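[1] Below are the sequence and a predicted model for it; my questions follow.
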Amino acid sequence: MKVTAFHGSPRIDGNTDILLKETLKPIYESGNDVKLFKLNFMNIKPCQDCGGCDKTGKCIINDDMDEIYDSIREADRIILASPIFFFGISAQAKIMIDRCQSLWCEKYLLNKPILEGRYGRKGLLLLVGGMKKQEGEQCAGATARAFFRTISVPVHEILSFLGVDAKGAILEHPTALKEAYEAGQKLVTD
């Protein structure tokens, strides 16, 4: 099974990083092929809304998204991990999602959705936010839903932890690491 994971946090060893690593443990342990993209360290330009992909489904910008497009097409499982910033996903995650406009064109304008493959396509959204208000989870979740739908992932789970702000504070959460591990395990065994 091929798994693509997007690490959307700029903070190394932060809460999102810790949570994603724990989620990936059972996936690696079960021998699955994992491609991890640390978005903060990638050269990804923002979508220019130029219409260049409308007729072809191919983005006219050549940068690190080229590798991401290939990985999205080949993946059976996709994980999106992001902190919640200002009631939404991080800029690093959002810039990648916005560049999936070409995949939206390919699916909806050219009627060429990504095929589901042998295992089907499923996703997992991991969110960590400092505020305890549900708006952050709801807004970030809406963006992720649109992303998953665009890349032909019909089903995705959400694992969200709110009120977790200080770097490493997720380690003090009584169930977070266990839940993350189980979510990764479930993703590749269901």
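    Cool, got the structure.

[2] so who does residue 169 touch?
    residue 15 (Cβ atoms under 8 Å, 6 or more residues apart in numbering). All C-beta atoms are positioned from the backbone trio N, CA, C, and that covers glycine.

[3] 10 Å instead, please
    Residues counted as contacts of residue 169 (Cβ atoms under 10 Å, 6 or more residues apart in numbering) are 14, 15, 18, 128, 130, 161, 163, 176.

[4] where's the last one relative to residue 61, distance?
    Put plainly, it is residue 176. 37 Å (Cβ to Cβ, to the nearest Å).

[5] same thing with the third one?
    Summarising the geometry, the distance separating residue 18 from residue 61, computed by Cβ to Cβ, is 32 Å.

[6] More neighbours: which of the two?
    Per other Cβ atoms under 10 Å, whichever of residue 18 and residue 61 has more neighbours is residue 18, with 21 against 17.

[7] among the contacts of residue 169, which are in strands?
    The subset of the contacts of residue 169 located in strands under the criterion DSSP state E comprises 128, 161.

[8] Mind checking which of the contacts of residue 169 are buried?
    14, 15, 18, 128, 161, 176 (16 or more other Cβ atoms under 10 Å).

[9] Same list (those) but as JSON lines, adding distance to residue 121 and pLDDT.
    Output for those, formatted as JSON lines (distance: Cβ to Cβ, whole Å; pLDDT from 0 to 100):
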{"residue": "14", "distance to residue 121": "28", "pLDDT": "93"}
{"residue": "15", "distance to residue 121": "27", "pLDDT": "92"}
{"residue": "18", "distance to residue 121": "26", "pLDDT": "94"}
{"residue": "128", "distance to residue 121": "24", "pLDDT": "93"}
{"residue": "161", "distance to residue 121": "25", "pLDDT": "90"}
{"residue": "176", "distance to residue 121": "26", "pLDDT": "93"}
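
[10] Ignoring the adjacent residues along the chain, who's closest to residue 16?
    If the residues on either side of it in the chain are set aside, residue 16 comes closest to residue 9, at 3.8 Å by Cβ to Cβ, 6 or more residues apart in numbering.
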